[in-house]
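> I need the structure of the sequence given here:
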Amino acid sequence: MPNARNNKTAAKLATNIRRELATESNLRVLEALPAFQADDHLPNKFRRLLDRLDAAEQDKPLRKMLSTI
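Residues are numbered from 1 along each chain as shown. Prediction:
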C-alpha cells in the first residue's frame with residue numbers, strides 16, 4: 001500500500017528525471033535519435049499535428065514544458 005513517504009520519493013524522482021531529460025546535451029542526443037524523427041510516410045493529418053507541436057515548442061522552451069508534466 002503506498003504511503004506518503006513513497007509518494008514523496010516518487011515525486012522527487014519524477015522531478016529529477018524531467019530535469020535531466022531537459023538538459024541541452026540530452027536534448028541534442030534525443031533529437032538525433034531515429035525514434036524521435038518523424039516517418040516520411042505519415043498521413044497528412046499527423047504531419048500537420050506534428051507541425052503544430054513543433055510551432056508550440058518553439059514558443060515555449062522544452063524545460064518549461066517538461067516542468068508542467
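> alpha carbons only for contacts and neighbour counts from here, please
Will do.
> residue contacts, K8?
Contact analysis of K8 by Cα atoms under 8 Å, 6 or more residues apart in numbering lists nothing.
> where does it sit, in terms of helix or strand?
Assigning secondary structure by DSSP states H and E places K8 in helix 4-21.
> let me see the mean pLDDT of stretch 8-25.
Taken as a whole, stretch 8-25 carries a mean pLDDT of 89.
> buried residues in it?
R18, A22 (16 or more other Cα atoms under 10 Å).
> for it, C-alpha coordinates in PDB please.
In PDB, the C-alpha atoms belonging to stretch 8-25 read as follows (Å, rounded to 0.1, in the frame of the first residue of the first chain):
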ATOM      1  CA  LYS A   8       7.200  12.000  -1.900                       C
ATOM      2  CA  THR A   9      10.100   9.800  -3.100                       C
ATOM      3  CA  ALA A  10       8.300   9.100  -6.400                       C
ATOM      4  CA  ALA A  11       7.600  12.800  -6.900                       C
ATOM      5  CA  LYS A  12      11.300  13.700  -6.300                       C
ATOM      6  CA  LEU A  13      12.400  11.000  -8.700                       C
ATOM      7  CA  ALA A  14      10.000  12.200 -11.400                       C
ATOM      8  CA  THR A  15      11.200  15.800 -10.900                       C
ATOM      9  CA  ASN A  16      14.900  14.700 -11.200                       C
ATOM     10  CA  ILE A  17      14.200  12.700 -14.400                       C
ATOM     11  CA  ARG A  18      12.400  15.600 -16.000                       C
ATOM     12  CA  ARG A  19      15.200  17.900 -15.100                       C
ATOM     13  CA  GLU A  20      17.800  15.500 -16.500                       C
ATOM     14  CA  LEU A  21      15.900  15.000 -19.800                       C
ATOM     15  CA  ALA A  22      15.700  18.700 -20.300                       C
ATOM     16  CA  THR A  23      19.400  19.300 -20.300                       C
ATOM     17  CA  GLU A  24      20.900  20.800 -23.500                       C
ATOM     18  CA  SER A  25      23.100  17.800 -24.100                       C
END
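> this structure: helices as residue ranges?
Ranges of helices within the chain are 4-21, 24-32, 44-59, 62-67, based on DSSP state H.
> circling back to that earlier point, could you tell me the angle between the helix holding K8 and helix 24-32?
70 degrees (axes from the mean of the first three to the mean of the last three Cα atoms, to 10 degrees).
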